[in-house]
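Novice: My questions concern the predicted model and sequence given below.
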Amino acid sequence: MDKRKRIILHVDMDHFFTAIEERENPRYKGKPIIVGANPRQGRGRGVVSTCNYEARKFGVKSGMPISKAWKLCPHAIYLPVNRGLYMNVSERIMKILRKYADKFERWGLDEAFLDVSFKAKGFDEAKEVAKKIKKEIFEKERLTCSIGIGPNKLVAKIASDHEKPNGLTVVKEGEVRSFLNPLPVRRLPWVGEKTEARLKEMGIETVKDLAEANPIDLKEKFGVLGIQLYLMANGIDRSEVEEKKEIKSMGKDITFEEDTLNPKLIKETLSKLSEEIHKRLVKRNLYFKTITVKVRYDNFETHTHSKTLLSFTNKLQDLKDNVYLLTKKFLEKKRKIRLLGVRVSRFISSEKQKKLI
DNA sequence: TCTGGGGTCCTAGGACCC
DNA sequence: TCTGGGGTCCTAGGACCC
């Protein structure tokens, strides 16, 4: 085990999707831009994926229903999610970032962790590395990012969010406690709406409250997460920066424009979803074993049915047959369907599969 | 004639991340 | 206000094996 103190950077691109759209279309500059579902004059059913700072001035936020965004800011420029474009830009940025790291971990399209413990001797040098990174990304891609530096991933991640956009926040070991203590628990990773509410019931609202809570109580209430929460609140995070190796599952969901019971539409949609997933499987050379179908009814109630096959397959027909079979169970309910989803999991690579035969 | 204990796999649901 | 689509991980019960 290496005893050297760790120095971790978290790089977070500023409002990534809308920043790319602004760059590609200079005439959008200075105007509110919202990337997400089609607003359909306020009748759209998706959510806001990303919005720029001009749109945020009107109260628009990511994750918000697109219909609400329309009410707040009808004159914004509404754009669909151009995932292919963002993925290309992301690839180039990750390539830049990787050069600066001893160890590298991509986190979604627009974030990454860099362990620079060897490349930088101390936090001051790490700060210089961060400045270089920002400079190179801006020169090559005309995009800005916010960077947090800390003794572990947890602190780096929270630090990158501290000052945005185009921020740079350094939190050294000795400063971790005073940095974290005043924050609301919601700022910690894995604390979402539900966990925040349950903590509040226990009288825990700030990170300081959580750090001073009884870990036994937390473990009882939250299981593994309870221990994790206690450690995080005390600034402890030993998780390594490491690139995730293999994908665990692959799926596609579709929300209908209107809730439906139309058997023809349902069958066609299931076919399309299966075909899309099959394409991605072939591209990655994967065989799968488990199929899951997801249905969301008109009242947002969501259920899944899944089936594990006796052996691995990569055949489209196997996928479709099982998807239809699993969906049948849902259709018997005669309730209108809002969303359909198909997911496959438990993979094996084609090379390994061939060895099995 | 009332039944152990450990391990693994499968299924369903739910919270959370970006 | 009315809730996307891409994922990961955890929990809990039941089946099944030895």
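Specialist: That came in fine, so what should we check first?
Novice: C-alpha only now, for contacts and for neighbours.
Specialist: Fine.
Novice: Please see if stretch A:27-43 touches DNA strand C.
Specialist: Yes - among the residues of stretch A:27-43, A:A37, A:R43 lie within reach of DNA strand C under Cα under 7 Å from any atom of the strand.
Novice: Buried residues in that stretch, which are they?
Specialist: By neighbour count, and taking 16 or more other Cα atoms under 10 Å as the criterion, the buried residues in stretch A:27-43 are A:P32, A:I33, A:I34, A:V35, A:G36, A:A37, A:N38, A:P39.
Novice: Distance check, the closest residue to A:S345 other than its chain neighbours against A:S306.
Specialist: For A:S345, ignoring the flanking residues on the chain, the nearest one in space by Cα to Cα, 6 or more residues apart in numbering is A:S249 at 4.3 Å. From A:S249 across to A:S306, the span is 13 Å (Cα to Cα, to the nearest Å).
Novice: Using CSV, list the CA coordinates for stretch A:267-282.
Specialist: Provided in CSV are the C-alpha atoms of stretch A:267-282 (Å, rounded to 0.1, in the frame of the first residue of the first chain):
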residue,chain,number,x,y,z
LYS,A,267,-45.6,-4.4,-30.7
GLU,A,268,-43.9,-2.0,-33.2
THR,A,269,-42.3,-0.1,-30.4
LEU,A,270,-41.0,-3.3,-28.8
SER,A,271,-39.5,-4.4,-32.1
LYS,A,272,-37.8,-1.0,-32.5
LEU,A,273,-36.4,-1.1,-29.0
SER,A,274,-35.1,-4.7,-29.5
GLU,A,275,-33.5,-3.8,-32.8
GLU,A,276,-31.7,-0.8,-31.4
ILE,A,277,-30.3,-2.8,-28.5
HIS,A,278,-29.3,-5.7,-30.8
LYS,A,279,-27.3,-3.2,-33.0
ARG,A,280,-25.4,-2.0,-29.9
LEU,A,281,-24.8,-5.6,-28.8
VAL,A,282,-23.3,-6.5,-32.2
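Novice: And the least confident helix or strand in chain A by mean pLDDT, how far out from the chain middle?
Specialist: Averaged element by element with mean pLDDT, DSSP states H and E, chain A has its least confident helix or strand at helix A:350-356 (a mean of 76). In terms of Cα atoms, centre = their mean, to the nearest Å, the centre of helix A:350-356 is found 32 Å from the chain centre.
Novice: Can I get it in PDB, CA atoms only?
Specialist: The C-alpha atoms that make up helix A:350-356 are tabulated as PDB, following Å, rounded to 0.1, in the frame of the first residue of the first chain:
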ATOM      1  CA  SER A 350     -18.300 -13.300 -28.300                       C
ATOM      2  CA  GLU A 351     -14.800 -14.800 -27.900                       C
ATOM      3  CA  LYS A 352     -15.700 -16.400 -24.600                       C
ATOM      4  CA  GLN A 353     -19.000 -17.500 -26.000                       C
ATOM      5  CA  LYS A 354     -17.200 -19.300 -28.800                       C
ATOM      6  CA  LYS A 355     -15.000 -21.100 -26.300                       C
ATOM      7  CA  LEU A 356     -18.100 -22.400 -24.500                       C
END
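Novice: And it, what's buried?
Specialist: The neighbour-count criterion (16+ other Cα under 10 Å) identifies A:S350, A:Q353 as the buried residues of helix A:350-356.
Novice: residues in contact with it?
Specialist: A:N285, A:L286, A:Y287, A:F312 (Cα atoms under 8 Å, 6 or more residues apart in numbering).
Novice: From DNA strand C, how far off is the first one?
Specialist: With distances defined as Cα to the nearest atom of the strand, to the nearest Å, the gap from A:N285 to DNA strand C amounts to 14 Å.
Novice: Is it correct that A:R45 falls within a strand?
Specialist: No - secondary structure assignment places A:R45 outside any strand; it is coil (DSSP: H, G, I helix; E, B strand; the rest coil).
Novice: That one touches A:I254, doesn't it?
Specialist: No - look at A:R45 against A:I254 with Cα atoms under 8 Å: they stay out of range, at 11.5 Å.
Novice: and the gap between A:V185 and A:N38?
Specialist: In this structure, A:V185 and A:N38 are 33 Å apart, going by Cα to Cα.
Novice: okay, now the residue of the stretch 1-150 of chain A found nearest DNA strand B: neighbour count?
Specialist: Proximity of the stretch 1-150 of chain A to DNA strand B (Cα to the nearest atom of the strand) peaks at A:G108, 4.3 Å away. The local packing of A:G108 (other Cα atoms under 10 Å) involves 9 other residues.
Novice: Equivalent analysis for the one 4 residues further on, please.
Specialist: Counted with other Cα under 10 Å, residues neighbouring A:A112 total 23.
Novice: any chance you could read off phi and psi for it?
Specialist: Comment: the main-chain dihedrals of A:A112 come out as phi -160, psi 150, following degrees, to the nearest 10.
Novice: Kindly indicate whether the nearest residue to it once chain neighbours are set aside is helix, strand or coil.
Specialist: If the residues on either side of it in the chain are set aside, A:A112 comes closest to A:R106, at 4.4 Å by Cα to Cα, 6+ apart. With three-state DSSP as the basis, the three-state label of A:R106 is strand.
Novice: For A:F288, what are phi and psi?
Specialist: Note on A:F288: its backbone torsions stand at phi -120, psi 170 [degrees, to the nearest 10].
Novice: Any idea what it is bridged to?
Specialist: In this entry, A:F288 is beta-bridged to A:T313, by DSSP bridges.
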